[in-house]
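J.: Whatever this is, show me its structure:
(chains A and B)
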Protein chains: 2
Amino acid sequence: MGGDFGPPVSVAASEIVLKNHPNLHLQLFGDEQQINPLINSFSDDLKSRVQIKATSEVVLMDDKPSTALRNKKDSSMRRALLSVRDGDTQACVSAGNTGALMALARFTLKMISGIDRPAIITAIPTSNGHTYMLDLGANVDCDADVLFQFGIMGSVLSSATDNLKQPKVGLLNIGEEEIKGNEPVKQAAQRLSECQHINYIGFIEGNDIFSGKCDVVVTDGFTGNNVLKASEGIVRLLAEKLRSVFERNWLNKLVGLLIKPILKSFKQEIDPDQYNGATLVGLKGIVVKSHGGASVKATVHAIEEAIIEVEKNVPQRIAKEVEQFVNSRT
Amino acid sequence: MGGDFGPPVSVAASEIVLKNHPNLHLQLFGDEQQINPLINSFSDDLKSRVQIKATSEVVLMDDKPSTALRNKKDSSMRRALLSVRDGDTQACVSAGNTGALMALARFTLKMISGIDRPAIITAIPTSNGHTYMLDLGANVDCDADVLFQFGIMGSVLSSATDNLKQPKVGLLNIGEEEIKGNEPVKQAAQRLSECQHINYIGFIEGNDIFSGKCDVVVTDGFTGNNVLKASEGIVRLLAEKLRSVFERNWLNKLVGLLIKPILKSFKQEIDPDQYNGATLVGLKGIVVKSHGGASVKATVHAIEEAIIEVEKNVPQRIAKEVEQFVNSRT
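T.: Numbers count the residues shown, from 1 in each chain, chains lettered A, B, ... in the order given. Next up, the predicted model:
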């Protein structure tokens, strides 16, 4: 139970999710002495569906992946992933160190056959709902094969979680014309357009990510990470500027008070909490990364994301899709 | 005189800039029959400072750079660049096809010695003013040398136009730790930190672009282009959502009317017009690219940007800085 706030937030979120899902069982990995008092207030039914798994080590936010792999054999992160590998649980949700989670997940759960590298994927808001974007930072260098695999995985995830028959897959580029882009992007476009399993709609530009033009945005981890963080940055800047306008003089302050309920409903529409929970796709098991600073509500969303992926058998579906595609080529 | 709106916008902007700068002379390249009637209403003083240069060809927005280079020898774009090369003018401002402008500028003006490739740089808003970001799409693949040169050019432009002694230069990456990023980024970081001519502050992440942490953001053209366009996309999405909240019911509509003046002053703060005018740096002359759909106000800003760069001798300063740096290494 990592993240910036540790067990208090994770346990509070667990209680809500257990109430929402009467058949759900949770294993909580971490410091027993911290977790135990927090679940004391749970109802008997909820208590009967929670198991505390005491662990003696913690992967710190600044630990190198290699440290987490080699030196912390009893970390809560590792133990939670092993429980997925061993079939004791069906998914792992963690708010811990992303690099360590990625390395440990790859080591314990292994990659789906035909997928070279795991990717981080999450839903982001668009004008007509949301779109899935990957990769968000797991892979800084991506060749055409890897980008193509991102296309398959994104398509499967979007199809499974949003019940879409043929999710529209776009490839991020600096223009829509065929001649634009670097070599990996051009080659990946070629492969995506030849693949009958993917509803590939072509290149999209940065501004189209949020326009709802496609259901899946494929890009390398360097670009995806910077685009996502820059978007967060400009939202923060706009909120700051808007706040300062409403604090400029007493009249604006008064109007600001009046429109507070309206701005609140605006905030809810773009509430980042509802987009918390990034999936590490390409692994043989389900791993969802919650934001380090996630609130209770945001953590609930990350756990719910994991539940949906369990219900929809996402890793199995990806494996099947890759296998079909490989067979169709040979 | 290209762009989406052609001479009407460019000529109206020219009139304003000529009034603002009593010593300014402008040459307008394009269709004489379109431009002539538009300057008829100019005062005698302004008329005396405008020269129409009739050209017979136009680079279209979807012309390939090679077409502009080889087949359109009398295009307004090419002729305007040649006038800079021949010393008839000190800067070229164009709202035309970016790829063609880049190719023609490189061909006519040539690169500054020691700079491999031109880059596109523009100012973007931050919480405490603005920051310059480059490259924005001229170079999709950038090695460490090219990224390092971007650092020098960005630093010189920021120093010259904002009168900063030591602009803070940051390198965009997916984390602040040294181990993060791809090879070109890691090597460029090494070179930037060793260079005493640059106030290099280290890696910055996407969210820091808009926080005002640095005066210059260095990145490759693929990432920069996507980050910039994605930022435009999310601003559009937020504006859309905000508008829909104020249209939800009659009460919200009424409040919306009341706060219109406040929202207007908010809009002015983030008005993209004031950031119009991206510079093609690295060339031996000054070339400013105005947005294709720029308004009169935005076009004025692009021309003003070119004037500042003439006054501050930006290309000469970059050349001097590169020369000093090369000498200090040999």
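J.: Specify the helix with the largest residue count in chain A.
T.: Of all the segments assigned as helix in chain A under DSSP state H, the longest by residue count is helix A:221-245.
J.: Next, the angle helix B:221-245 makes with that one.
T.: 40 degrees (axes from the mean of the first three to the mean of the last three Cα atoms, to 10 degrees).
J.: What is helix A:221-245 packed up against?
T.: Based on contacts counted as 3 or more Cβ pairs under 8 Å, 6 or more residues apart in numbering or on different chains; DSSP states H and E, the elements that helix A:221-245 packs against are strand A:119-126, strand A:129-134, strand A:168-172, helix B:221-245, helix B:260-269. To be clear about C-beta, it is placed using only N, CA and C from the backbone, and glycine gets the same treatment.
J.: Give the bridge partners for A:Val50, please.
T.: Beta-bridge pairing of A:Val50 under DSSP bridges involves A:Leu26.
J.: do you know how far it is from chain B?
T.: According to Cβ to the nearest Cβ, to the nearest Å, A:Val50 stands 34 Å off from chain B.
J.: need the contact list for that residue.
T.: Residues counted as contacts of A:Val50 (Cβ atoms under 8 Å, 6 or more residues apart in numbering or on different chains) are A:Ser14, A:Leu18, A:His25, A:Leu26, A:Gln27, A:Leu28, A:Ile39, A:Phe42.
J.: and the two most separated of those?
T.: Largest separation among the contacts of A:Val50 by Cβ to Cβ: A:Gln27 and A:Phe42, giving 14.5 Å.
J.: who's in contact with the most centrally placed residue in chain A?
T.: With the centre of chain A defined as its mean C-alpha position, the nearest residue by Cα atoms, centre = their mean is A:Ala278, 0.7 Å away. Shown here is A:Ala278, whose contacts under the criterion Cβ under 8 Å, 6+ apart are A:Ile120, A:Ile121, A:Thr122, A:Leu136, A:Val288, A:Lys289.
J.: Next, count neighbours for the closest residue in space to A:Lys297 that isn't next to it in sequence.
T.: Spatial nearest neighbour of A:Lys297, chain neighbours left out: A:Asp273 (4.7 Å); criterion: Cβ to Cβ, 6 or more residues apart in numbering or on different chains. Using other Cβ atoms under 10 Å in any protein chain shown, A:Asp273 has 17 other residues around it.
J.: Secondary structure of A:Asp273: a helix, I assume?
T.: Yes: under DSSP: H, G, I helix; E, B strand; the rest coil, A:Asp273 sits within a helix.
J.: Wait, it touches A:Ala302, no?
T.: No: using Cβ atoms under 8 Å, A:Asp273 makes no contact with A:Ala302, being 9.7 Å away.
J.: what residues are shared contacts of these two?
T.: Residues touching both A:Asp273 and A:Ala302 by Cβ under 8 Å, 6+ apart: A:Ala294.
J.: follow-up on the earlier one: quick one: the residue nearest to A:Lys297 and A:Val322, what's the gap?
T.: From A:Asp273 across to A:Val322, the span is 33 Å (Cβ to Cβ, to the nearest Å).
J.: quick revisit: and the contacts of A:Val50, which is closest to B:Glu240?
T.: B:Glu240 lies nearest to A:Ser14 out of the contacts of A:Val50, by Cβ to Cβ, at 36.0 Å.
J.: For that closest one, list the residues it contacts.
T.: Applying Cβ under 8 Å, 6+ apart, one finds that A:Ser14 lies in contact with A:Leu26, A:Leu28, A:Ile39, A:Val50, A:Ile303.
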